[in-house]
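J.: Pasting a predicted model and its sequence here:
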Amino acid sequence: MKILSIIAITLFLITGCADKKYFEPANTDGDYSQNPKDMPASIIGFNRSGATLSNGQVITKDKISTYKLPEGYEFINGDKNVLIAGDNKSKIIIGEENIEVGGIVVAATLKGSTLAMVYSDNSFALYDIKRKKYMLKEYLPESLANDVRITNPVFLTNIVLFPTLNGRVLVVSLKQNKIVKTIVVDANGTFNNIIYLSVINDTLITATSNKIVVVGTNDLNIKDYEIRDVTVHNNDIYLATIDGQLIKLDINLNEIAKKKYKFARFYALAFGTSLYALESQGFLIKIDENFKHDKIYEFSFDEKDKAIGLDNRFYFGDKYLEVN
């Protein structure tokens with residue numbers, strides 16, 4: 001995971017700090033009404049699904065877990081029922097079970113006894129943890145530079161979607177244990193691993209740092225954006241871009257609305273009753289769901305802190321904020 005952290009820092013330097021210009025709103029709406037709350041330790045690593053704290057606790061969609069990972073392991077995926085973590089060598093743990101997987105796993109999801117894994121060399125596998133047997137393992141071209149916001153495989157009824165490190169989503173049949181379709185999201189970008197992957201009402205939404213793709217029953221839509229973060233709410237897609245835009249798209253990638261904040265560098269998005277964007281210079285931007293009104297709050301935040309948004313919470317450094 002240290003390698004991924006270095007790459008994440010490199011990405012931020014390339015995309016965020018080159019011009020040394022900063023977001024300076026003419027007016028603000030004062031301090032945000034809610035104060036951040038303390039976490040038991042600071043974030044040391046994160047991906048699309050959660051984060052690892054320095055004391056071994058993890059952040060998931062179910063908030064902060066009281067369970068502590070063994071020393072040397074970092075969170076990959078999971079919830080309050082079962083956690084998956086890796087040791088950046090050749091092992092993962094699922095709950096209390098230690099499994100030798102023969103390489104560094106950067107993404108993994110468990111359904112029943114079937115474990116779907118993506119490795120740091122861009123190979124991927126289906127593994128039966130009960131029978132201790134690989135059902136599928138294939139190798140893809142290596143990706144030398146990856147965005148740290150790696151996302152995890154998604155299981156559907158009879159298939160699993162593998163987000164690769166070279167800009168593709170592989171559709172693998174769970175009946176045949178083979179690839180049945182390849183969706184090319186971003187074939188050419190430098191940082192083109194999949195950073196977002198979800199399925200809503202039979203529609204696949206996926207993105208890299210450079211493109212967003214929506215695959216419906218009868219159509220496919222693709223748009224180019226330099227993406228900092230993605231979130232979905234009520235079938236609408238919200239993007240934060242590197243050039244300081246917050247954009248609302250419908251499920252077909254039509255732009256419904258957008259707002260530009262000059263020189264803003266967004267770290268993460270969260271959604272309560274409105275869209276919130278965490279900005280690097282100590283601001284929190286709130287936009288109502290219809291993009292008619294926005295407010296800019298002053299918000300104490302160290303831009304050096306690792307930060308993620310999950311549902312209606314921002315986690316940063318050793319604190320978190322729940323937005324309304």
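T.: Perfect, thanks for sending it.

J.: and residue 309, how many neighbours?
T.: 23 (other C-beta atoms under 10 Å). All C-beta atoms are positioned from the backbone trio N, CA, C, and that covers glycine.

J.: cool, residue 171 as well?
T.: By other C-beta under 10 Å, the residues close to residue 171 number 16.

J.: Name all residues that make contact with the residue nearest the centre of the chain.
T.: By C-alpha atoms, centre = their mean, the chain has its centre lying nearest to residue 48, at 2.2 Å. For residue 48, the contact set (C-beta atoms under 8 Å, 6 or more residues apart in numbering) comprises 149, 150, 151, 152, 195, 196.

J.: same thing but at 6 Å, please
T.: Neighbouring residues of residue 48 by C-beta atoms under 6 Å, 6 or more residues apart in numbering: 149, 151.

J.: where do the helices sit along the stretch 51-200 of the chain?
T.: Counting by DSSP state H, counting those that start in this stretch, the stretch 51-200 of the chain forms no helices at all.

J.: give me the low-pLDDT residue ranges for it?
T.: Filtered on pLDDT under 70, the stretch 51-200 of the chain yields the residue ranges 145, 189-190.

J.: For residue 211, which non-adjacent residue is closest in space?
T.: Sequence neighbours aside, residue 186 is the residue nearest to residue 211 in space, at 4.6 Å (criterion: C-beta to C-beta, 6 or more residues apart in numbering).

J.: Backbone dihedrals for the one you found, both of them.
T.: phi -150, psi 100 (degrees, to the nearest 10).

J.: show me what contacts it?
T.: 167, 192, 208, 210, 211.

J.: Switch those over to TSV; also include distance to residue 277 and neighbour count.
T.: Shown next, in TSV, are those (distance: C-beta to C-beta, whole Å; neighbours: other C-beta atoms under 10 Å):
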residue	distance to residue 277	neighbour count
167	25	24
192	24	23
208	20	25
210	20	20
211	20	21
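
J.: isn't residue 303 right next to residue 279, touching?
T.: No. Here residue 303 does not reach residue 279: they are 9.1 Å apart, not a contact under C-beta atoms under 6 Å.

J.: okay, those two: which has more neighbours?
T.: residue 279 (25 against 17).

J.: Chain neighbours aside, what residue packs nearest to that one?
T.: residue 264 (5.2 Å).

J.: Next one: the one you found from residue 300, what distance?
T.: For residue 264, the distance to residue 300 equals 17 Å [C-beta to C-beta, to the nearest Å].

J.: Between these two, which is the more surrounded one?
T.: The neighbour count for residue 264 versus residue 300, taken as other C-beta under 10 Å, is higher for residue 264 (26 against 11).

J.: Secondary structure element holding that one?
T.: Here residue 264, judged by DSSP states H and E, is contained in no helix and no strand.

J.: Same check on the one 3 residues further on?
T.: Under DSSP H and E, the secondary-structure element containing residue 267 is strand 266-271.

J.: Parallel or antiparallel, which strands does that strand pair with?
T.: strand 275-279 (antiparallel) (DSSP bridges).

J.: What lies in contact with the partner strand?
T.: Outside strand 275-279, the residues touching it (C-beta under 6 Å, 6+ apart) are 23, 238, 240, 246, 264, 266-270, 285-287, 314, 323.

J.: between those, which is closest to residue 139?
T.: residue 268 (32.8 Å; C-beta to C-beta).

J.: If the closest residue in space to residue 67 that isn't next to it in sequence is in a bridge, with which residues?
T.: Nearest residue to residue 67, sequence neighbours excluded (C-beta to C-beta, 6+ apart): residue 83, at 6.5 Å. Beta bridges link residue 83 to residue 78, judged by DSSP bridges.

J.: number of nearby residues for residue 83?
T.: 22.

J.: Contacts for stretch 56-66 next, please.
T.: By C-beta under 6 Å, 6+ apart, stretch 56-66 touches 40, 50, 51, 52, 68, 69, 75, 79, 80, 310, 315.

J.: Could I get the buried residue list for that stretch?
T.: Buried residues in stretch 56-66, counted by 16 or more other C-beta atoms under 10 Å: 56, 57, 58, 59, 60, 64, 65.

J.: Next: stretch 153-161.
T.: 153, 154, 155, 159, 160, 161.

J.: Check stretch 187-206 too.
T.: Buried-residue list, stretch 187-206, by 16+ other C-beta under 10 Å: 189, 191-198, 203-206.

J.: and if you look at stretch 24-33?
T.: If you call a residue buried by 16+ other C-beta under 10 Å, then stretch 24-33 has these buried ones: residue 32.
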